[in-house]
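S.K.: here you go, sequence then predicted model.
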Amino acid sequence: MVSHPANANQPSKEGLASIPVWRIGFLLLCALGTYFSADLLRLHVKVYTDPGYHALCAVNDRFNCETVATSTYAVFAGLPVALWGIAGYLFMGGLCIWGMVRRKEPPKTWPFGFLFWLSLFSVLVSAVLFVVSHKEINSLCLLCMATYVINFLLFCLAILELRRLKSGPLKTLRMDTRAVSARRLPFSLYLASSILLLVIVRGTLPAYWELNITTGPGGLLIGKTAEGLDWIGARQPVLEIEEFSDYQCPYCSRGHQKVRSLVREHPDQIRLVHRHYPLKSHKYAFAYAVLAHCAGQQNRFWEANDYLYANGRRKNPVRPEELAEAIGIDTEALKACMVSEESKAAVLQDITAGRNLKLKGTPTYVIGDQTYPGSIPEDVIEEALEAKPND
């Protein structure tokens with residue numbers, strides 16, 4: 001009879017060696033930080049590309065993640081700060097996984113000699129961002145603050161892991177640095193692939209936050225929607241009004257001035273979006289719509305818009321040379337734009353949108369799913385502003 005050792009089919013004690021709890025906690029926090037950073041990136045994209053978006057974390061003036069997201073501090077070195085956060089958490093998380101997989105190889109400290117200093121750096125960055133939000137932006141982002149807490153906890157876990165290893169930060173760093181020489185190829189590939197990925201993202205990600213939002217007539221903000229429509233007024237509007245108009249329509253100019261006065265009265269709440277709807281009965285209306293569109297290609301849409309409302313109904317037509325001189329844009333570029341099929345298609349797209357809404361004439365204003373021919377009742381404006389106060 002052959003006797004078998006009692007533990008022949010049992011894993012060795014070495015095989016049962018569990019992964020230290022601090023390392024598991026560190027990895028879980030990296031995953032949580034990646035999640036919050038991804039949500040911050042989503043918020044950053046939505047704030048710039050979706051005019052109707054209002055984040056739940058936009059609580060009031062003091063705690064408003066939209067205010068922080070639209071500040072110049074939300075982008076660093078050509079990439080959103082949230083994206084840098086994702087990269088940082090993934091990089092640290094990847095090192096942590098590497099240490100778990102190869103934990104039997106010396107040194108036992110690997111890779112917390114690096115992770116301690118990386119987590120310390122993340123805490124310092126968090127402190128700087130908090131001070132900037134508090135002092136410069138004058139508003140705090142709750143999601144950002146959640147990542148600050150995560151960074152602090154990562155640093156605490158790194159300290160606990162070094163205490164478990166009975167090794168100081170500098171000693172551990174020296175040990176891990178020496179270990180890199182033994183793992184030169186895999187570590188170089190890991191670092192190079194991380195940098196390459198950032199470079200690719202930097203080169204391919206459209207700068208959606210550069211929406212050419214500037215100041216137009218009256219010092220009001222101007223820009224273009226995600227669909228390329230010109231707007232004036234609030235960056236993050238409580239009330240958005242789409243105006244279907246004709247530069248030769250006698251009622252359109254008066255209606256437009258009335259809505260523009262509303263925008264001036266509520267510059268942080270109301271946004272006016274212009275859409276062309278030239279009527280066939282007006283000889284130059286379509287050409288004027290193309291003219292205004294092309295002026296917009298040189299960032300002078302609202303100046304052209306105002307000039308055409310003021311002069312569009314006169315007997316002799318407004319010529320490209322006249323408009324270019326009046327508003328200070330390049331005449332030849334304006335003429336070239338006017339004969340392009342893309343410019344005509346842009347106006348036709350607005351006309352199609354109006355027909356789909358079954359518009360009867362101009363001006364017509366659209367708020368949400370409702371159309372208001374001629375003018376917008378005052379009670380509609382008041383109710384809209386009261387229903388959605390601008391915190």
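M.R.: Okay, I see it. As the structure is a computational prediction, the values presented were derived from the model and not from experiment.
S.K.: now the lengthiest helix in the chain: how far from the chain's centre is it?
M.R.: Using DSSP state H to assign secondary structure, the helix with the most residues in the chain is helix 21-49. For helix 21-49, the distance from its own C-alpha centre to the chain's C-alpha centre is 16 Å (Cα atoms, centre = their mean, to the nearest Å).
S.K.: could you say what helices and strands that helix packs with?
M.R.: Applying 3 or more Cβ pairs under 8 Å, 6 or more residues apart in numbering; DSSP states H and E, we find helix 21-49 packed against helix 65-69, helix 81-101, helix 142-165. For the C-beta atoms, the positions are set from N, CA and C on the backbone; glycine is no exception.
S.K.: reformat these as TSV; add mean neighbour count.
M.R.: Converted to TSV, the helices and strands packed on helix 21-49 look like this (neighbours: other Cβ atoms under 10 Å):
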stretch	mean neighbour count
helix 65-69	25
helix 81-101	20
helix 142-165	19
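S.K.: between these, which gets nearest to Tyr372?
M.R.: Closest to Tyr372 of the helices and strands packed on helix 21-49 is helix 65-69 (Cβ to Cβ; 28.1 Å).
S.K.: which residues touch the closest one?
M.R.: The contact list for helix 65-69, computed with Cβ atoms under 8 Å, 6 or more residues apart in numbering, reads 40, 43-44, 47, 54-55, 57-58, 61, 74, 133, 137-144, 236.
S.K.: what's near enough to touch Arg102?
M.R.: Here Arg102 is in contact with Trp110 (Cβ under 8 Å, 6+ apart).
S.K.: show me where the stretch 251-391 of the chain has strands.
M.R.: For the stretch 251-391 of the chain, the strands defined by DSSP state E, counting those that start in this stretch cover 270-276, 364-367, 370-373.
S.K.: winner for burial among these?
M.R.: Among those, ranked by average contacts under mean count of other Cβ atoms under 10 Å, first place goes to strand 270-276 (a mean of 24).
S.K.: for that one, name the packing helices and strands.
M.R.: Right, strand 270-276 is packed against strand 230-233, strand 239-245, helix 250-265, helix 285-296, helix 341-356 by 3+ Cβ pairs under 8 Å, 6+ apart.
S.K.: now render the ones you listed as a markdown table, adding mean pLDDT, mean neighbour count and distance to Asp176.
M.R.: As requested, the helices and strands packed on strand 270-276 are exported to a markdown table (pLDDT from 0 to 100; neighbours: other Cβ atoms under 10 Å; distance: least, Cβ to Cβ, whole Å):
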| stretch | mean pLDDT | mean neighbour count | distance to Asp176 |
| --- | --- | --- | --- |
| strand 230-233 | 94 | 25 | 53 |
| strand 239-245 | 95 | 23 | 54 |
| helix 250-265 | 92 | 17 | 59 |
| helix 285-296 | 96 | 24 | 56 |
| helix 341-356 | 95 | 15 | 57 |
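S.K.: among those, which comes closest to Arg164?
M.R.: Closest of the helices and strands packed on strand 270-276 to Arg164 is strand 239-245, at 56.5 Å (criterion: Cβ to Cβ).
S.K.: please name every helix or strand in contact with the closest one.
M.R.: Under the contact definition 3+ Cβ pairs under 8 Å, 6+ apart, strand 239-245 sits against helix 250-265, strand 270-276, strand 364-367, helix 378-387.
S.K.: out of the helices and strands packed on strand 270-276, which gets nearest to Arg313?
M.R.: Shortest distance between Arg313 and these, using Cβ to Cβ, is found for helix 250-265: 6.5 Å.
S.K.: need the contact partners of the closest one.
M.R.: Surrounding helix 250-265, the residues in contact under the criterion Cβ under 8 Å, 6+ apart are 218, 220, 232-233, 241, 243, 245-246, 270-272, 309-310, 312-313, 362-363, 365, 374-376, 381.
S.K.: and with 7 Å instead?
M.R.: With Cβ atoms under 7 Å, 6 or more residues apart in numbering as the test, helix 250-265 has contacts from 218, 220, 232-233, 241, 243, 245-246, 270, 272, 309, 313, 362-363, 374-375, 381.
S.K.: circling back to that earlier point, and the direction of the longest helix of the chain versus that of helix 81-101, what angle?
M.R.: With axes from the mean of the first three to the mean of the last three Cα atoms, to 10 degrees defining the directions, helix 21-49 sits at 160 degrees from helix 81-101.
S.K.: OK, contacts around Ile86?
M.R.: By Cβ under 7 Å, 6+ apart, the contact set of Ile86 is 34, 37-38, 41.
S.K.: give me the contacts around the helix or strand hosting Leu196.
M.R.: Taking DSSP states H and E as the criterion, the element that holds Leu196 is helix 184-204. Contacts with helix 184-204, where a contact means Cβ under 7 Å, 6+ apart, come from 78-79, 87, 91, 94, 180.
S.K.: 6 Å instead, please
M.R.: Applying Cβ atoms under 6 Å, 6 or more residues apart in numbering, the contact partners of helix 184-204 are 78-79, 87, 91, 180.
S.K.: would a markdown table of these with pLDDT and distance to Thr67 be doable?
M.R.: Output for those, formatted as a markdown table (pLDDT from 0 to 100; distance: Cβ to Cβ, whole Å):
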| residue | pLDDT | distance to Thr67 |
| --- | --- | --- |
| Gly78 | 90 | 22 |
| Leu79 | 93 | 20 |
| Ala87 | 96 | 24 |
| Phe91 | 96 | 29 |
| Val180 | 85 | 42 |
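S.K.: for Glu325, which of the helices and strands packed on helix 21-49 is the nearest?
M.R.: By Cβ to Cβ (comparing all of these), the closest turns out to be helix 65-69, at 40.0 Å.
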